[in-house]
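# Below: sequence and its predicted model.
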Amino acid sequence: FPNLISSLSDVIDISVGNRHSLALKSNGDLYAWGDNGQAQLGSGRSIQSDELSPLRIMGSVKKISAGQQHTVVEKSNGSLWLWGYHRREGTSAMYQAPHQVQNIPSLIDFKAGGGFTLVLLADKTVIAWGSNGSGQLGDGTTSGRGTKNLVSNLANIEMISAGGSHSIATDSDGHIWAWG
């Protein structure tokens, strides 16, 4: 049966990953709870400590997206933050606490997937980085990328979404593009 999370109110957005949950309150406070095995809660606590109750992670948050084992948020100043396990073939990055993503131009939207992240930029193009075993980064390869990469053959993009190992986008003509 569903359980009421009575400690939270005034929630304006929610997102769930593989085994963690996020809630964004109207005042910009971000709360997280659930599995912290890959530091996806962003609490800075031991990755062995799961949280059954919502923990306040940070304030001034505008948008949220929970990936499989990582979290991505946009703060009210437009900066993008990431934490948890963001996989790349051959290497990995695990941030136990929120880490600001550098060199992101003006963004419209972002989505966290299965170890990878998509960002829709103001110029209506898409960048991606992270795990790429199924081609979900859209660069024509299956090699993971630690650096942000422009998704090939996309222009005038309006919406994006990231799955476990695939991505989709819609353009201004209403066409759907899929990869991975």
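Sure, I can see it. Residues are numbered from 1 along each chain as shown.
# quick one: low-confidence ranges for the protein?
48, 87-92 (pLDDT under 70).
# where do the helices sit along it?
According to DSSP state H, the chain carries no segments that qualify as helices.
# Can you tell me the centre-most residue of it?
Ala112 (2.8 Å; C-alpha atoms, centre = their mean).
# Is that residue bridged to anything, and to what?
Thr117 (DSSP bridges).
# correct me, but it touches Gln69?
No. Ala112 is beyond contact range of Gln69, at 9.4 Å (criterion: C-beta atoms under 8 Å). Backbone N, C-alpha and C define where each C-beta goes, glycine included.
# so what sits against both of the two?
Common neighbours of Ala112 and Gln69, using C-beta atoms under 8 Å, 6 or more residues apart in numbering, are Gly17.
# Contacts only, for the residue nearest to the centre of the chain.
By C-beta under 8 Å, 6+ apart, the contact set of Ala112 is Gly17, Ser65, Ala66, Gly67, Gln68, His70, Thr71, Val72, Ala162.
# Now for the residue lying closest to Gly164 once chain neighbours are set aside, how many residues are close by?
Nearest residue to Gly164 in three dimensions, chain neighbours excluded: Gly114, at 3.8 Å (C-beta to C-beta, 6 or more residues apart in numbering). Using other C-beta atoms under 10 Å, Gly114 has 22 other residues around it.
# The one 10 residues further on now?
For Lys124, the tally of surrounding residues (other C-beta under 10 Å) stands at 15.
# beta partners for Leu24?
Under the criterion used here (DSSP bridges), Leu24 is bridged to Asp13, Leu30.
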